[in-house]
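K.L.:
Sharing a sequence plus its predicted fold:
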Number of protein chains: 2
Amino acid sequence: MKDFISLNHGSGGKASQDLIKNIFIKSFGDIDSVLSDSAILNIQNEKIAFTTDSFVIDPIFFPGGDIGKLAICGTVNDLAVSGAVPKYIAASFILEEGLPINDLKIIVESMAQQAKIANIKIVAGDTKVVHKGKCDKIFINTTGIGIFYQDLSYISIGDQVEVGDKIIINGFLGDHSISVLGARNELEFKVDVKSDCACLNDLIQNVLKKKMRVRFMRDVTRGGLATVLNELSDILNLGIELNENEIPVKDSVNGLCEILGFDPLYLANEGKVLLVVHPDDANEVVEILRNNLLGKECKIIGEIVSDHPKMVVGKTKIGGKRIINMLQGEQLPRIC
Amino acid sequence: MKDFISLNHGSGGKASQDLIKNIFIKSFGDIDSVLSDSAILNIQNEKIAFTTDSFVIDPIFFPGGDIGKLAICGTVNDLAVSGAVPKYIAASFILEEGLPINDLKIIVESMAQQAKIANIKIVAGDTKVVHKGKCDKIFINTTGIGIFYQDLSYISIGDQVEVGDKIIINGFLGDHSISVLGARNELEFKVDVKSDCACLNDLIQNVLKKKMRVRFMRDVTRGGLATVLNELSDILNLGIELNENEIPVKDSVNGLCEILGFDPLYLANEGKVLLVVHPDDANEVVEILRNNLLGKECKIIGEIVSDHPKMVVGKTKIGGKRIINMLQGEQLPRIC
């Protein structure tokens, strides 16, 4: 095999087959749909979750991850926050002519590793190649299926959320955005922050298995915590109050945000989940989360209130209050 | 809303929401996963088909279709040839900054129309925006779920194919490739050929409902008929004999192929299915196909033989024989 992706690799013919055999099957194992067009899956339970995401992050390698790891974690997390157990992923690649095949190998192997960690199977795939300059190295789409073993489908709708419910986050905000910014060499100084990119399905299942009264979950990605909370308060027609002192942000990230004029509440994350839970269960949820490496720094950061419906209000560190709006413009493009 | 896609539309914030409301929901209706990350689906039957495809066709509008129509038909057909009934699609968009929003509207509306024709539901979505020059106008991924109402999962594997089985194609080959070439203005003459892009699920279901002994099906896309047949003979470890006189190709397409040095057997199609059926059912299958507009020009074009295993042999028009190999290079890039 030559060392760079060529248009032949996208022909559907011999070169495509070689690429599938030498790269994808080597890392993913036998993909069910390699020889046919569809994977055939046995679904034991009636309710499934179904989600899709395309990943266009720049750069494709960054501290703490790469576009492949991100593509698996992103879709696994979307399924997990719905209350389903992630099971199957279809992965589709758009490759730029000239991409080093070794880069593709590393990315595909990274996907395989994350799939193993998350205990999901990559069952279907597709590859397209476009001329040099017609995409940026590699874009990956992952579409996932999760299975509901308990009927928790209300969790993604949020219709069981009540006034007084506590809002919990599993750790530090903003690491992903800052690490990607650093990797882009757009900063004038070296940043020692790694992306939080991780599959959260185990962490979340630990909470659900213990029958904690989780009323809503969402992974906090593009648009940051502020955007998720604004969407939630809007759906609920209730208010949200945040204790900004409690929001976990690393000093290094906070410092950079001050210099750069960013607000960590709007920064993207790839390993953070926001949980809304019954107030009586909040402390136990925190305990469960802290037992997992990905939840060590979790905090109760606010609650659902009846005041100021459809509005997110932050109590600032010096005792004042501010309205936290939805993200208006684009803070950082191509962060995922 | 401004008239061109900007990076803000990919922020996950306010502008993203506006785009979803004003474009996607307007055409697709309420997407189940708009407010949550996953669509929640009720699956009555245990076996499902799952398939993914990214579409990067250039140009995005061509005679007989556009990238949106193609994205729906391509995934519907992948599901349909597995024997499943296509049901749900997740659609993910990568948009180039500067794409006219009106183009996006037309494409999304075209997807909605095809979804209606194919009786499938678009249930989940995602949108990313990249800087100008980092993709080519618009790429679309569609990932689909189909349901098996009969246990026909052997059809995509082909393990019931036997020597003597007949090979049937539902109509003219090569129209898609030629129409796209024409639309690219790469030819020095005007071409009056429309793409065959169409959803084949109804056509296929008509055959399956009548309990015809269909042993294998495949949609004939990238790599053309030659590639599908080579893959099939390879899996089966049997030979395939083609009557080239019977292969339906329009005179205009044949003429162009001769001038341009193309072989219609390697040209991509987007509305063609190859069926391998029990010899006693072949004539009835032809009759059923001819009752549908998309099968009017169907033909029995060959059969499975025990001679020359793993080899596709064409009987040429003048009585000779030739070996039809798999597509080696790339005949026409970005055809789908």
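P.N.:
It's in.

K.L.:
Would you enumerate the residues in contact with the closest residue to A:I178 other than its chain neighbours?
P.N.:
Here the nearest residue to A:I178 in space, its sequence neighbours aside, is A:V193; by CB to CB, 6 or more residues apart in numbering or on different chains that works out to 4.7 Å. In short, each C-beta sits where N, CA and C put it, glycine included. Counting by CB atoms under 8 Å, 6 or more residues apart in numbering or on different chains, A:V193 makes contact with A:63, A:175, A:178-179, A:182, A:250, A:252-253, A:256.

K.L.:
do the same with A:I89
P.N.:
Per CB under 8 Å, 6+ apart, neighbours of A:I89: A:72, A:75-76, A:115, A:120-123, A:142-145.

K.L.:
Out of the residues you listed, list just those in strands.
P.N.:
The strands, defined by DSSP state E, take in A:121-123, A:142-145 from those.

K.L.:
surely A:C298 meets A:R290?
P.N.:
Yes - shown here, A:C298 and A:R290 form a contact pair, counting by CB atoms under 8 Å, at 6.1 Å.

K.L.:
Compare these two and say which is more crowded by neighbours.
P.N.:
A:C298 (24 against 13; other CB atoms under 10 Å in any protein chain shown).

K.L.:
Just the closest of the contacts of A:I89 to B:V228, please.
P.N.:
A:V123 (21.3 Å; CB to CB).

K.L.:
Apart from its neighbours in sequence, what residue is nearest the closest one?
P.N.:
Leaving aside its sequence neighbours, A:V123 sits nearest to A:A39 (CB to CB, 6+ apart; 3.9 Å).

K.L.:
how close does A:V285 sit to A:N170?
P.N.:
10 Å (CB to CB, to the nearest Å).

K.L.:
Looking at the two, which is more packed in?
P.N.:
A:N170 (29 against 24).

K.L.:
how about the more buried one, phi and psi?
P.N.:
With angles defined as degrees, to the nearest 10, A:N170 sits at phi -90, psi 0.

K.L.:
Name all residues that make contact with it.
P.N.:
A:N170 touches A:200, A:203, A:271-273, A:275, A:289, A:294-295, A:297-298, counting by CB under 8 Å, 6+ apart.

K.L.:
Need the pLDDT of A:S33.
P.N.:
pLDDT recorded at A:S33 is 59.

K.L.:
Correction: the previous question concerned A:S16.
P.N.:
So A:S16 comes in at 89 (pLDDT).

K.L.:
sec struct for it, please.
P.N.:
Classification of A:S16 by DSSP: H, G, I helix; E, B strand; the rest coil places it in helix.

K.L.:
show me what contacts the closest residue to it other than its chain neighbours?
P.N.:
Ranked by CB to CB, 6+ apart and with sequence neighbours excluded, the top spatial neighbour of A:S16 is A:H9, at 5.9 Å. If you count contacts by CB under 8 Å, 6+ apart, A:H9 has them with A:15-16, A:19, A:95, A:127, A:129.

K.L.:
Ramachandran angles for A:H9?
P.N.:
Note on A:H9: backbone dihedrals following degrees, to the nearest 10 are phi -60, psi -10.

K.L.:
That one and B:K315, how far apart?
P.N.:
According to CB to CB, A:H9 stands 32 Å off from B:K315.

K.L.:
A:T127 too?
P.N.:
A:T127 is 34 Å from B:K315, by CB to CB.

K.L.:
What mean pLDDT does stretch A:142-157 get?
P.N.:
For stretch A:142-157, mean pLDDT rounds to 91.

K.L.:
That stretch near chain B at all?
P.N.:
Yes - in terms of CB under 8 Å from any CB of the partner chain, part of stretch A:142-157 sits within range of chain B, namely A:143, A:145-146, A:148, A:153, A:156-157.

K.L.:
got the CA coordinates for that stretch in CSV?
P.N.:
C-alpha atoms of stretch A:142-157 as CSV (Å, rounded to 0.1, in the frame of the first residue of the first chain):
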residue,chain,number,x,y,z
THR,A,142,-20.1,8.2,14.0
THR,A,143,-23.7,7.2,14.4
GLY,A,144,-24.6,5.0,17.4
ILE,A,145,-27.3,2.7,18.8
GLY,A,146,-27.9,2.3,22.5
ILE,A,147,-30.3,0.0,24.2
PHE,A,148,-32.6,0.8,27.1
TYR,A,149,-32.5,-1.9,29.7
GLN,A,150,-34.6,0.2,32.0
ASP,A,151,-37.2,2.6,30.7
LEU,A,152,-35.3,5.8,31.3
SER,A,153,-36.3,7.6,28.1
TYR,A,154,-37.7,10.5,30.2
ILE,A,155,-34.1,11.4,31.1
SER,A,156,-33.3,13.0,27.8
ILE,A,157,-36.6,14.9,27.7
